[in-house]
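Colleague: have a look at this fold, sequence not included:
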């Protein structure tokens with residue numbers, strides 16, 4: 001069931017969203033450099049969230065059998081999403097690294113992802129980052145009241161494929177609010193005019209995951225880290241967006 005938010009609830013969702021935006025733009029970039037481990041990066045992220053009054057919401061997700069162990073997902077190169085931070089995963093010059101953070105403040109969630117270049121990267125990797133970021137923007141443009149979810153996915157897929165890349169089909173965007181993942185599911189592919197109608201008060205996480213090669217993915221033995229099946233690189237960008245006065249308003253972009 002899709003939960004429509006009031007303006008007051010959207011303001012509460014905006015608080016963790018703005019915190020993540022500050023993390024990504026003002027704080028974390030100075031640490032994205034060769035030689036740092038993804039474990040260290042995760043500790044920096046967790047400390048930042050806690051010091052600013054938020055809970056790192058991904059810790060423990062998945063239940064008692066294989067709970068997610070960290071306050072962020074950090075995915076390097078061929079890792080698509082849900083990369084588990086590790087001491088022995090050291091960033092190298094030329095890598096790309098995707099960071100996905102979910103923060104909770106007063107029971108409301110914010111969710112955003114970004115892909116950074118580590119040092120100097122090759123042209124194809126830079127194009128991958130640029131195309132994925134632009135695909136997110138193009139998808140958000142379709143998130144207007146009266147459109148349908150298929151309009152978002154179709155716009156993302158057409159743009160990505162026109163640039164020679166592929167969209168991941170096994171993972172998708174979602175609603176955000178008092179839970180990390182709410183209805184609806186928002187695929188990054190689809191047909192125009194199909195799917196649920198977008199309404200005033202929806203809050204949506206729009207998050208294209210784009211691969212250089214095949215769209216097919218596998219999950220590694222840790223039960224979390226998703227990798228491209230062909231070992232080629234992947235990028236990930238995500239914004240939390242509220243539908244206000246019929247139009248998309250990005251909550252995870254600094255005011």
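Modeller: Here it is on my side, so go on. Note that this is a predicted model, so its numbers are computed, not measured. Residues are numbered from 1 along each chain as shown.
Colleague: where exactly do the helices run in the stretch 1-150 of the chain?
Modeller: Under the criterion DSSP state H, counting those that start in this stretch, the stretch 1-150 of the chain contains helices at 7-22, 38-51, 123-141, 149-162.
Colleague: identify the residues contacting the last one?
Modeller: Meaning helix 149-162. By CB atoms under 8 Å, 6 or more residues apart in numbering, the surrounding residues in contact with helix 149-162 are 131-132, 134-136, 138-143, 166-167, 173, 184, 186-196, 198, 206, 208, 210. Any C-beta I mention is one placed from the backbone N, CA and C, and that applies to glycine too.
Colleague: figure out which of the helices of the stretch 1-150 of the chain is closest to residue 219.
Modeller: helix 38-51 (17.4 Å; CB to CB).
Colleague: between the helices of the stretch 1-150 of the chain, which one is nearest to residue 90?
Modeller: Closest among the helices of the stretch 1-150 of the chain, using CB to CB: helix 38-51, at 8.0 Å.
Colleague: packing partners of the closest one?
Modeller: Applying 3 or more CB pairs under 8 Å, 6 or more residues apart in numbering; DSSP states H and E, we find helix 38-51 packed against strand 55-56, strand 73-76, strand 96-105.
Colleague: would you format the ones you listed as JSON lines with mean pLDDT included?
Modeller: Listed next are the helices and strands packed on helix 38-51 as JSON lines, based on pLDDT from 0 to 100:
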{"stretch": "strand 55-56", "mean pLDDT": "98"}
{"stretch": "strand 73-76", "mean pLDDT": "98"}
{"stretch": "strand 96-105", "mean pLDDT": "98"}
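Colleague: between those strands, which one is closest to residue 221.
Modeller: With CB to CB as the yardstick, what comes closest out of these is strand 73-76 (15.6 Å).
Colleague: quick one: buried residues of that closest one?
Modeller: 73, 74, 75, 76 (16 or more other CB atoms under 10 Å).
Colleague: please apply the same query to stretch 121-130.
Modeller: Neighbour-count burial for stretch 121-130, counted by 16+ other CB under 10 Å, picks out 121, 125, 127, 128, 129.
Colleague: which residues does that stretch contact?
Modeller: Applying CB under 8 Å, 6+ apart, the contact partners of stretch 121-130 are 94, 95, 96, 115, 117, 163, 165, 210, 212, 233, 234, 235.
Colleague: how about a cut-off of 10 Å?
Modeller: 77, 93-96, 98, 114-118, 120, 160, 163-165, 210-212, 232-237 (CB atoms under 10 Å, 6 or more residues apart in numbering).
Colleague: among those residues, which are in strands?
Modeller: 96, 98, 114, 115, 116, 117, 210, 211, 234, 235, 236 (DSSP state E).
Colleague: of the contacts of stretch 121-130, buried ones?
Modeller: Buried among those by 16+ other CB under 10 Å: 77, 95-96, 98, 114-118, 160, 165, 210-212, 232-237.
Colleague: residue 38 versus residue 91, what's the distance?
Modeller: From residue 91 across to residue 38, the span is 7 Å (CB to CB, to the nearest Å).
Colleague: overlap in contacts, the two.
Modeller: Common neighbours of residue 91 and residue 38 (CB under 10 Å, 6+ apart) are 74, 76, 97.
Colleague: who does the last one bridge with?
Modeller: Applying DSSP bridges to residue 97 yields these beta-bridge partners: residue 76, residue 116.
Colleague: report the contact partners of it.
Modeller: Contacts of residue 97 (CB under 10 Å, 6+ apart): 32, 36, 38, 41, 74-77, 79, 83, 89, 91, 114-118, 235.
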